[in-house]
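S.K.: Fold the following and give me the result.
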Amino acid sequence: MAAGCSLTTGSAAATPAASGHGHAQASARIVATDWPAYLDGPRHDSDNRAETAVTPTDATGLTQAWHADSGTTYLASPTVADGSVFIGSDTGWFYQLNVRTGQVEHKAFLGYDKTPGCYENLGVVATATVAASPVTHRLTVYVAGADGYLYAFSAANLKLEWKSVVAIPSTSAPNYYQWSSPTVAGGRVYIGVSSECERPLVRGGVIAYSQATGRKLAAFYTVPAGHVGGGVWSSVAVGPGGYVYATTGNGPLTHVLLGRSESIVKLDPGSLQVAAAWQIPGPPPSYDTDFGGSPVIFGGDVGACNKDGMFYAVRQSDMRLAWQKRIGAVYSPKVWAECNAAPVYDGKHLYLAGGAVTLHGTRYRGSVQERLASTGKLIWETGLSEGVTGSPTLDGAGVLAVGTYDNGSAPDETYLVDAATGRILRTLIEGLDFAQSTFADGELFTANSTGVYAWAPG
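M.R.: Okay, the predicted model is just below:
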């Protein structure tokens, strides 16, 4: 969206402003019903147990509370904290919206990729994290822009506190691009490094910054110096003991398992040195089957979905494989959906979503399913008309929100599913849904190719 255009909420216009009414920060804090980060926090469980306003019964009667439409696609997920929704758009604008009205309170421009290549004018895809500054103790928004910088803004008014280089993209080739969302833990901000679409590959890795100042503290690189590959497309998780877990992409065509490519790695939180790692066994089924999904911490394991259609659960203690299960078909260029979704973890079960499956003789382009976290045993599985690329979400009342992002003949939609049975309760607005939906502040917030929405119980 060019400067001077407006977002609209319903039929009313809301003009972006450089400053506005803001929020009182003296007592601001993250509360249980907020959704302050991608996948709801460093452990990536995507389960807001404190949020019970939307029940399986209420889901059928949800009504649209507001719609913020900038005429562009939203791939980033809504972050909800301190009475605001924070989200970046495909045009490069990062917005702070009023949680009750959707009106724009503040905005900041974080750039967009102008280089010809895989995607045209791709803006902000990374989801923001809101956390208290260790220095001021005021809420701060940490977000990565398409211009290659990691930003820290005041959550009151998006005033810049600091910015640091992650990797500045080329102006002539689609090399670096910021897919990874920042993870804040232990006074540090962790973020992955990857290419826009592997044409060309870049040297992947994870960088740690001081949460207080933005100073670069440490870096881990997936492949040796002088080589490329092993991009960290996903967002890192932080588990017990502060260990940092990252999933990595493939190496170059001639050596797809180069270094720590195609791996789940366990890193020291301070130095980012490798404590242990697990790499997929043998060559992958195709060059572009890598880890695009973020890791999730569950029980004594850490796990992630690979584009080969498999979910791999690895023991945190020794990084040895605990179990693996097929979630969907192997990645194919013919479909957009691939096994990139981080699962939901409710303390006992994993809820996973992904690409094509065959159930009872019927072929579906996507599915959502429940499995026992300790063994991967299937509890239920429900077919969807389109495939799932983004991550599902669970609230404390037992409602799953699952968005589809595919290129099939059926419309992409946001599904609401009964977590106890797998029964589809209803679908919401149509549109390509890559962003993770979030249950927060008594409502459900979604974002897709048609805008940002708030849904309230009727």
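
S.K.: contacts and neighbour counts: CA atoms only from here.
M.R.: Noted.

S.K.: Distance check, S367 against E198.
M.R.: Distance of S367 to E198, computed by CA to CA, to the nearest Å: 27 Å.

S.K.: got it, and S164?
M.R.: From S164 over to E198 (counting by CA to CA), the distance is 24 Å.

S.K.: Compare those two and say which one has the larger neighbour count.
M.R.: E198 (21 against 16; other CA atoms under 10 Å).

S.K.: Without its sequence neighbours, what residue ends up closest to that one?
M.R.: N175 (7.5 Å; CA to CA, 6 or more residues apart in numbering).

S.K.: show me the contacts for the one you found.
M.R.: P169, S195, E196, C197, E198, R199, P200, L201, V202 (CA atoms under 8 Å, 6 or more residues apart in numbering).

S.K.: Tell me the buried residues within those residues.
M.R.: P169, S195, E196, C197, E198, L201, V202 (16 or more other CA atoms under 10 Å).

S.K.: Neighbours of D318, how many?
M.R.: D318: 13 surrounding residues under other CA under 10 Å.

S.K.: tell me the contacts of it?
M.R.: The contact partners of D318, taken as CA under 8 Å, 6+ apart, are A276.

S.K.: burial count for W278?
M.R.: That count, for W278 with other CA under 10 Å as the rule, works out to 20.

S.K.: pretty sure it is touching R320, no?
M.R.: Yes - contact criterion CA atoms under 8 Å: W278 and R320 qualify, at 6.4 Å.

S.K.: Report the set of residues contacting both of the two.
M.R.: In contact with both W278 and R320: V314, using CA under 8 Å, 6+ apart.

S.K.: I'd like the buried ones among the contacts of N175 laid out as JSON lines, including distance to D90.
M.R.: Formatted as JSON lines, the buried ones among the contacts of N175 follow (distance: CA to CA, whole Å):
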{"residue": "P169", "distance to D90": "17"}
{"residue": "S195", "distance to D90": "17"}
{"residue": "E196", "distance to D90": "14"}
{"residue": "C197", "distance to D90": "16"}
{"residue": "E198", "distance to D90": "20"}
{"residue": "L201", "distance to D90": "22"}
{"residue": "V202", "distance to D90": "23"}
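
S.K.: Hmm, T427 and G61 touching each other?
M.R.: No - the criterion here is CA under 8 Å, and G61 misses it with T427 at 11.1 Å.

S.K.: Which of the two has more residues huddled nearby?
M.R.: T427 (17 against 14).

S.K.: and the more buried one, that's in a helix?
M.R.: No - T427 is assigned strand when assessed by DSSP: H, G, I helix; E, B strand; the rest coil, not a helix.

S.K.: OK, contacts around L253?
M.R.: Listed by CA under 8 Å, 6+ apart, the contact partners of L253 are Y287.

S.K.: for the one 3 residues further on, same thing?
M.R.: When contacts are counted by CA under 8 Å, 6+ apart, V256 is found next to G229, N250, E262, P283, Y287.

S.K.: For it, give me the pLDDT.
M.R.: Here, the pLDDT recorded for V256 equals 93.

S.K.: in the sheet, who's paired with W66?
M.R.: A454 (DSSP bridges).

S.K.: my guess is it meets N98, correct?
M.R.: No - applying CA under 8 Å as the test, W66 and N98 come out as separate, 10.3 Å apart.

S.K.: the more surrounded of those two?
M.R.: When neighbours are counted by other CA under 10 Å, W66 and N98 differ, and W66 comes out ahead with 21 against 18.

S.K.: Next one: the more buried one relative to T446, how far apart?
M.R.: Distance from W66 to T446, counting by CA to CA: 11 Å.

S.K.: Then V165?
M.R.: Distance check for V165 against T446: by CA to CA, it reads 30 Å.

S.K.: out of the two, which sits in the busier spot?
M.R.: Counted by other CA under 10 Å, V165 and T446 do not tie: T446 has more neighbours, with 26 against 14.

S.K.: before we move on, back to that, so for W66 and T446, which residues contact both of them?
M.R.: Here W66 and T446 have Y453, A454 as joint contacts, going by CA under 8 Å, 6+ apart.

S.K.: Just the terminal-to-terminal distance for stretch 51-58.
M.R.: 13 Å.

S.K.: Out of the helices and strands in this protein, which is least certain?
M.R.: strand 12-14 (a mean of 33; mean pLDDT, DSSP states H and E).

S.K.: okay, stretch 180-187 in CSV with CA atoms only?
M.R.: The C-alpha trace of stretch 180-187 is given here as CSV (Å, rounded to 0.1, in the frame of the first residue of the first chain):
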residue,chain,number,x,y,z
SER,A,180,11.8,-16.2,10.1
SER,A,181,9.9,-14.5,12.9
PRO,A,182,11.9,-13.3,15.9
THR,A,183,11.9,-15.4,19.1
VAL,A,184,12.5,-13.5,22.4
ALA,A,185,13.8,-15.5,25.4
GLY,A,186,16.4,-14.9,28.2
GLY,A,187,17.1,-11.3,27.2
